[in-house]
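Trainee: predicted model, plus sequence, below.
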Amino acid sequence: QVQLVESGGGLVQAGDSLRLSCAVSGRTFTNYAMGWFRQAPGKERDFVAAISWSGYSTDYADPVKGRFTISRDDAKNTVYLQMNSLKPADTAVYYCAATMSRVGARRNGYNSWGQGTQVTVSS
């Protein structure tokens, strides 16, 4: 298994931007497909975005399409989530996830998770 540590959350106003980072250690990063999920208070954890092991394939949940961008830097063993035009509905704890897979960008099947980072968007 790999270890995942998220950072970059915070309190912002609607319309602002944030970039979340997830540092990965413990295994060969390029063997892993990566994803971001979020969980708002009282709700289930939802898929946000995913990127394949190669970085060539990405996938986004409908609520964030056109506003969020997932990327990875294999030299830094880090995956990012650039969040633009933030809305109060984006308020949640954001989790990074990893799975050893070379199939593509995945919405499920993750078996390693970070501890989460809080994103709060005020109106």
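Mentor: Looks like it arrived, so ask away.
Trainee: what about the strands in the chain?
Mentor: Along the chain, the segments classed as strands by DSSP state E run 3-7, 10-13, 18-25, 32-39, 45-51, 58-60, 68-73, 78-83, 92-100, 112-113, 117-122.
Trainee: mind giving me the packing neighbours of the first one?
Mentor: For strand 3-7, the contact count by 3 or more CB pairs under 8 Å, 6 or more residues apart in numbering; DSSP states H and E identifies strand 18-25, strand 92-100, strand 112-113 as packing neighbours. All C-beta spots, glycine's among them, are computed from the backbone N, C-alpha and C.
Trainee: before we move on, what about the last one?
Mentor: In terms of contacts (3+ CB pairs under 8 Å, 6+ apart), strand 117-122 is packed against strand 10-13, strand 18-25, strand 92-100.
Trainee: residue 120: which of these is closest?
Mentor: Residue 120 lies closest, by CB to CB, to one member of the helices and strands packed on strand 117-122: strand 10-13, at 4.6 Å.
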